[in-house]
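# Structural data only, the sequence is not supplied:
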């Protein structure tokens with residue numbers, strides 16, 4: 001998180017009376033720009049996901065939350081739970097701001113062996129590890145819960161790690177089975193340095209290592225994650241280090257990068273070649289993603305992560321109300337082994353499949369016929385999953401989604417609004433163009449065309465596109481590249497129109513809302 005206290009305090013305290021009006025407005029999850037199958041809070045501001053953890057048949061999503069307004073400030077841990085990683089129930093805020101100390105990003109663990117001693121009467125403690133943030137001082141704190149995260153007690157000897165630094169934040173903590181110790185990776189953001197600590201009990205921490213990288217274009221590092229993931233087609237597993245970039249992301253502004261290597265319980269050993277950044281997502285709106293702790297056995301399935309779907313260039317100004325901010329779809333993380341090393345692969349989790357409705361299917365090469373079939377079948381909307389297979393040897397092909405029709409309901413080049421997703425074979429790039437996607441003028445950095453390098457597989461390109469009321473998430477070639485972007489179209493921009501000579505197949509399936 002990029003945090004500017006002076007701006008925060010003035011903006012938030014001056015607007016309390018306005019806030020009181022906002023939070024009593026429509027909170028039914030039916031607003032025109034309300035995500036229908038992505039998590040968003042009923043009211044107010046959210047940013048980074050925090051403390052993703054599974055315990056006793058519940059997935060916990062904690063998150064940075066402002067209980068008093070629709071802009072960043074008064075950081076508190078919000079809380080939501082799910083039984084299936086898809087449908088979420090928002091609970092009261094978990095760990096509140098207290099006096100001059102905000103509750104910044106962090107993680108949560110299940111202390112099954114009660115190493116912390118916080119457990120009572122056979123109740124297993126959940127322990128949150130977070131940054132306690134004051135104006136010029138950040139340190140690492142802990143709190144515990146004995147009732148499945150509903151109520152929390154802050155440790156009376158906080159902080160547990162304190163370097164007397166202004167910028168020292170965002171601890172990711174997990175249990176390292178081979179060494180039988182807790183591991184913390186935490187950042188010195190402005191130095192772009194990750195520090196590693198070990199602990200037997202979550203209270204006493206010993207520094208064991210450091211990691212930095214000369215090839216990172218970021219101005220600062222935030223919200224680290226370190227997780228072991230499988231390598232496709234092998235029994236091998238490697239360690240994935242995710243780092244959020246305060247600026248200079250793939251599409252400009254904030255973003256994420258990654259390194260792959262080994263972890264011996266004390267420090268991360270990078271095995272990625274230094275050079276061009278390895279971006280996690282090539283869109284404009286993917287930040288602070290972390291993975292779940294304590295997931296139940298999933299065979300050889302990968303880690304599961306969730307990110308914040310926004311960009312610090314304009315996050316405080318996006319045109320949504322009475323909420324501001326949303327999470328990405330949960331993603332499964334894996335690696336692919338290539339000649340030059342390892343590459344990240346991401347795809348939506350399998351648990352989303354029950355949301356999908358009856359498909360519209362088409363195979364052929366005549367795009368005019370395809371568009372006529374879409375019209376005849378009355379296929380349109382604002383929440384659906386669309387897959388396309390393209391012939392990469394033909395001139396650029398793609399689709400226009402959330403397209404506004406004319407008065408007869410037909411889509412035309414003059415209709416005004418559309419978000420364009422396609423593949424440019426000459427440049428070997430997949431792209432998302434949101435320059436005419438709806439509301440774009442609220443901040444000059446919002447509008448744009450964003451690209452990711454993508455080589456064909458057997459001469460073909462596959463695109464899986466998840467369209468929601470205010471976002472488009474693209475997964476290309478089985479997650480070889482992803483582009484996540486917000487859009488803010490008019491409610492009547494519901495058309496779908498295909499273009500180009502390379503279309504081979506299309507499937508469109510509606511996605512049902514997760515809010516009941």
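Thanks, I have it. All values derive from a computational prediction rather than experimental measurement.

# how about the helices in this structure?
Assigned by DSSP state H, the chain shows helices spanning 5-14, 16-22, 367-376.

# list the buried ones in stretch 53-66?
Using 16 or more other CB atoms under 10 Å as the test for burial, stretch 53-66 gives 53-55, 59-66. C-beta coordinates here come from the backbone N, C-alpha and C atoms, glycine included.

# again with stretch 280-300
Of all the residues in stretch 280-300, those buried under the rule 16+ other CB under 10 Å are 280-294.

# go on, stretch 504-516?
Residues of stretch 504-516 classed as buried under the neighbour-count rule (16+ other CB under 10 Å) are 504, 506-511, 513-515.

# what residues go with each domain of this protein?
Domain ranges of the chain: 5-348, 356-510, per automatic domain parsing.

# Mean pLDDT for these - can I get that in TSV?
Converted to TSV, these look like this (pLDDT from 0 to 100):
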stretch	mean pLDDT
domain 5-348	93
domain 356-510	93
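
# about what we covered before: go through the buried residues of stretch 504-516 and name the one nearest residue 318.
Of all those, residue 318 sits closest to residue 515, with 19.6 Å by CB to CB.

# For that closest one, which non-adjacent residue is spatially closest?
Leaving aside its sequence neighbours, residue 515 sits nearest to residue 29 (CB to CB, 6 or more residues apart in numbering; 4.0 Å).

# With residue 329 instead?
Spatial nearest neighbour of residue 329, excluding adjacent residues (CB to CB, 6+ apart): residue 348 at 5.0 Å.

# give me the beta-bridge partners of the one you found?
residue 331 (DSSP bridges).

# Now do the same contact list for it.
Contact partners of residue 348, counting by CB atoms under 8 Å, 6 or more residues apart in numbering, are 329-332, 464, 466, 473, 475.

# Could you report the separation of the residue most central in space within the chain from residue 104?
Closest to where the C-alpha atoms of the chain average out (CA atoms, centre = their mean) is residue 307, at 1.4 Å. Taking CB to CB, to the nearest Å as the measure, residue 307 falls 17 Å from residue 104.

# What is the neighbour count of the residue nearest to residue 130 when sequence neighbours are not counted?
Nearest non-adjacent residue to residue 130, counting by CB to CB, 6+ apart: residue 106, 3.1 Å away. Using other CB atoms under 10 Å, residue 106 has 30 neighbouring residues.

# One more: residue 224?
Neighbours of residue 224 using other CB under 10 Å come to 26.

# what do you get for residue 376?
So residue 376, with other CB under 10 Å, has 8 neighbours.

# mind checking how far it is from residue 362?
Distance of residue 376 to residue 362, computed by CB to CB: 11 Å.

# next one: residue 449
Taking CB to CB, one finds residue 449 at 27 Å from residue 362.

# So between those two, which is more surrounded?
Comparing residue 449 with residue 362 by other CB under 10 Å, the one with more neighbours is residue 362, at 21 against 11.

# beta partners for that one?
residue 506.

# and the gap between it and residue 370?
5 Å.

# can you list residues touching both of those two?
Common contact partners of residue 362 and residue 370 (CB under 8 Å, 6+ apart): residue 506.

# All the strands of the stretch 51-200 of the chain, residue numbers only.
58-66, 76-82, 89-95, 102-110, 126-134, 137-145, 153-154, 161-165, 169-176, 181-188, 193-199 (DSSP state E, counting those that start in this stretch).

# Residue 432: which of those strands is closest?
With distances scored as CB to CB, the stretch of the strands of the stretch 51-200 of the chain nearest to residue 432 is strand 58-66 (25.1 Å).

# Adjacent strands (with direction) for the closest one?
Its sheet considered, strand 58-66 pairs with strand 44-55 (antiparallel), strand 76-82 (antiparallel) by DSSP bridges.

# Which one of these lies nearest to residue 500?
strand 44-55 (36.5 Å).

# And stretch 341-357, what's buried?
Within stretch 341-357, judged by 16+ other CB under 10 Å, the buried ones are 342-349, 351-352, 355.

# now stretch 377-394
Neighbour-count burial for stretch 377-394, counted by 16+ other CB under 10 Å, picks out 379-388, 390-392, 394.

# Repeat that for stretch 421-435.
421-425, 429-434.

# how long is that stretch from one end to the other?
12 Å (CA to CA, to the nearest Å).

# and that stretch, how far from the chain's centre?
22 Å (CA atoms, centre = their mean, to the nearest Å).

# Give me the contacts around that stretch.
With CB under 8 Å, 6+ apart as the contact definition, stretch 421-435 has outside contacts at 283, 390, 392-399, 401, 419-420, 440, 446-456, 461, 463, 465, 472, 474, 476, 481, 483, 485, 487, 499-500, 502.

# Keep only those of those that are in strands.
390, 397-399, 401, 419-420, 449-453, 461, 463, 465, 472, 474, 476, 481, 483, 485, 499 (DSSP state E).

# Among these, the buried ones, what's the PyMOL command?
This is the PyMOL syntax for the buried subset of these, where burial follows 16+ other CB under 10 Å:
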select buried, resi 390+397+398+399+401+419+420+450+451+452+461+463+465+472+474+476+481+483+485+499
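
# Next, format the contacts of residue 348 as JSON lines and append neighbour count.
Shown next, in JSON lines, are the contacts of residue 348 (neighbours: other CB atoms under 10 Å):
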{"residue": "329", "neighbour count": "24"}
{"residue": "330", "neighbour count": "25"}
{"residue": "331", "neighbour count": "27"}
{"residue": "332", "neighbour count": "21"}
{"residue": "464", "neighbour count": "19"}
{"residue": "466", "neighbour count": "21"}
{"residue": "473", "neighbour count": "26"}
{"residue": "475", "neighbour count": "24"}
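
# quick one, phi/psi of the closest residue to residue 482 other than its chain neighbours?
Leaving aside its sequence neighbours, residue 482 sits nearest to residue 281 (CB to CB, 6+ apart; 4.9 Å). In this entry, residue 281 is assigned phi and psi values of phi -140, psi 140 (degrees, to the nearest 10).

# Can you give me the neighbour number for residue 110?
Counted with other CB under 10 Å, the neighbours of residue 110 add up to 17.

# next one: the one 3 residues further on
Here the number of neighbours of residue 113 (other CB under 10 Å) works out to 11.

# From residue 107, how far off is it?
Plainly put, residue 113 is 18 Å away from residue 107 if you go by CB to CB.

# What of residue 293?
Separation of residue 293 from residue 107 (CB to CB): 7 Å.

# Now for the two: what residues contact both?
Any residue near both residue 293 and residue 107 by CB under 8 Å, 6+ apart counts here, and that gives 52-53, 174.

# From start to finish, how long is stretch 97-105 in a straight line?
12 Å.

# how about the strands in the stretch 251-400 of the chain?
255-263, 268-270, 287-291, 303-308, 323-324, 331-338, 341-348, 360-363, 384-391, 397-404.

# What strands flank the second one, and is each parallel or antiparallel?
Spelled out, it's strand 268-270. Sheet partners by DSSP bridges: for strand 268-270, these are strand 255-263 (antiparallel).
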